[in-house]
Structures are given as C-alpha cells and as structure tokens.
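**Student:** Only the shape, not the letters, is given here:
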C-alpha cells in the first residue's frame, strides 16, 4: 500500500516514492511534519527468495508477520514526515541494526551526504570499535593514541589500526599523524520505527533499545491497551515517540547517541545501501 498522494515507481534494487502533492497523510496530525519530494525504499538484501512479508531474525529462522504487517504503510507514511525529511529520506524495511531489527529505519539525509560517503571509497565498518577509532580521528591524531583506544594487546592494536589505514578508513600525513578519510562520517539522522498491534510494553522496550544507536525511535501501535496519558508518560521517560489509535500520543524527538554510535548506525545504513562490502576487522584480527 502506497501512502496517500504518492505514486510508486520500481527500479533495480529499490523502490522510489515520488510525492505528487502535499496533502495530509490523514486526519491524524502527521501533516505537522514536512512532506518530502522524493523517498527511496531500499529492499532488504537476502540470499534466499522470500516475500516482502517475511522477516529473518538472527537465530530464529523465518516467520510471517500478519496483523502487524497492516501497520507498515503507516510506518512509511509517518517516516517520510519526520523532522528534516524534506532534505531526502531513504527507508529500509526489516533493517538489521547494531542491536535489534526495527520494522523500518529511515535515513534522513541529503543526497550530497550519501554521495560523499560513497565517494570515500571505504567499505562500511561493521564494528563499533572500528567506528570509535575512526571517530576519534575526526582531527589529526597520534597513532599511539588511536591504538590505545582499541584496548587490546599492543600488537593486536597495531594490526587493527594498520588495517584501517590499509582499507582507507584512516589517512596518514607526512608527519605520521592519522585522520579519518573524508566522507567517513554520519550521513544524516537515523530513525528506527517499530510496529505493534497492542503490545505496548514490548514495543516501548524495543524502541528504547534502538535509541542506543539511532538518533530517534518511534513506536506505532494499532490500538492502545493502556490510557494515553500513561503511555505518554512512559514514552517520555524512555525518550521515544508513540503513535497510537490514529494520532500522536508523543511526538518523536531527537535523542542523539554519542558520535561513535551515530557513525556505527550510519555505517549499517551504508552496508544496506551497498551490500556485500562490509569491513569487519574483528574477524581479521582474531584470525592472526
């Protein structure tokens, strides 16, 4: 189901939503957020042929969401009206994040930021530790300082930093100092959205966990099994947005994690954009 006022176009590996009018999504008040001229829905990359209604979860095989799947059009419709989405928005269904698998992830970013990350020529970094090292090198840094961040034996730390250099994530100047490659930075804001029929406690817990890496998290409920004032109070404590019974119970707000976590989330998006090219130096280090 395509959001109101939107025409769906298909292209290789992705689906593009082109907004033809700025009409409100519904009487829910979602129109308080900016509408967007172009949205790309990036389809999940899987090795097996499964329908879009099928999700793979680590260690749990396959299952088919039924009633919750009816809420997915609502997720998409709300996502394209998140703060800043007018600059550009890419949507990822069943996104495998650093922790957890949200029903939908939205990257709110301009095309220039995404293109800069692509042109960096560095494989997406899968490891949080690698992202911590690269983030610490946002300015010219001494190599010993970066090796100390690894927190491993000196030889292991040296190998890890050396591999980041070899793969282009870190660049060296003529004085021997290191800096992150240009373009290797968070591409924009990453939002995680979760849909539940009425399991509000479980949904709030999942949305709160996504906040460990996402810039913001939203829970969408088909119906509320608790009073809205209580739901709003719980959501405010956890700093997540909640949409229930066709209206906002608590509007989404940014709850930005630290810079290294933001980079880690952005690199997971990069891996979804350009699958098959992720760089995990942890396995390389262990294999030596």
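**Tutor:** That came through, no problem. The shown structure was predicted, so the numbers you read here are calculated from the model rather than taken from an experiment. Numbering: from 1, shown residues only.

**Student:** which of the residues in stretch 194-202 are buried?
**Tutor:** 194-197, 200 (16 or more other C-beta atoms under 10 Å). Where you see a C-beta, it was placed from the backbone N, CA and C, and this is true even at glycine.

**Student:** Pull up the distance across stretch 97-116, start to finish.
**Tutor:** Taking C-alpha to C-alpha, to the nearest Å, the span from the opening residue of stretch 97-116 to its closing residue is 22 Å.

**Student:** The chain should start at 864 in everything you say after this.
**Tutor:** All set: I'll call the first residue 864, so the last point we hit is now stretch 960-979.

**Student:** buried ones in it?
**Tutor:** Residues of stretch 960-979 classed as buried by neighbour count (16+ other C-beta under 10 Å): 960-961, 963-972, 976-977, 979.

**Student:** pLDDT on that stretch, on average?
**Tutor:** Stretch 960-979 shows a mean pLDDT of 94 in the predicted model.

**Student:** Over to stretch 1021-1033?
**Tutor:** Averaging pLDDT along stretch 1021-1033 yields 93.

**Student:** circling back: which ones among the buried residues of stretch 1057-1065 lie within helices?
**Tutor:** Helix and strand membership here follows DSSP state H; of these, those in helices are residue 1063.

**Student:** before we move on, back to that, tell me the one among the buried residues of stretch 960-979 nearest to residue 1104.
**Tutor:** Comparing the buried residues of stretch 960-979 against residue 1104 with C-beta to C-beta picks out residue 969 as the nearest, at 12.2 Å.

**Student:** tell me the SS of that closest one?
**Tutor:** Of the three states, residue 969 takes strand according to DSSP: H, G, I helix; E, B strand; the rest coil.

**Student:** What distance do you get for it to residue 1117?
**Tutor:** With distances taken as C-beta to C-beta, to the nearest Å, residue 969 is found 13 Å from residue 1117.

**Student:** Over to residue 1130?
**Tutor:** Applying C-beta to C-beta, one obtains 20 Å for the distance of residue 1130 from residue 1117.

**Student:** just residue 1016 next, same as before
**Tutor:** 39 Å.

**Student:** higher neighbour count, these two?
**Tutor:** Just comparing residue 1016 and residue 1117: by other C-beta atoms under 10 Å the higher neighbour count belongs to residue 1117, 12 against 9.

**Student:** Could you give the number of residues near residue 1087?
**Tutor:** With neighbours defined by other C-beta under 10 Å, the count for residue 1087 comes to 15.

**Student:** nearest spatial neighbour of it, skipping sequence neighbours?
**Tutor:** Sequence neighbours aside, residue 1107 is the residue nearest to residue 1087 in space, at 4.4 Å (criterion: C-beta to C-beta, 6 or more residues apart in numbering).

**Student:** try residue 961
**Tutor:** For residue 961, the nearest residue in space outside its immediate sequence neighbours is residue 1076; the separation is 4.5 Å by C-beta to C-beta, 6+ apart.

**Student:** ok, the one you found - how many residues close by?
**Tutor:** The number of residues packed around residue 1076, counting by other C-beta under 10 Å, is 23.

**Student:** Which residues are in contact with it?
**Tutor:** Each residue near residue 1076 by C-beta atoms under 8 Å, 6 or more residues apart in numbering is listed here: 960-962, 1053, 1120, 1124-1125, 1127-1128, 1131.

**Student:** One more pass at 7 Å, please.
**Tutor:** Contact criterion C-beta atoms under 7 Å, 6 or more residues apart in numbering gives 960-962, 1120, 1124, 1127-1128 as the residues in contact with residue 1076.

**Student:** name the element the residue nearest to the spatial centre of the chain belongs to?
**Tutor:** Averaging the C-alpha coordinates of the chain gives a centre point, and the residue nearest to it by C-alpha atoms, centre = their mean is residue 1053 (4.4 Å). Under the assignment given by DSSP states H and E, the secondary-structure element containing residue 1053 is strand 1052-1059.
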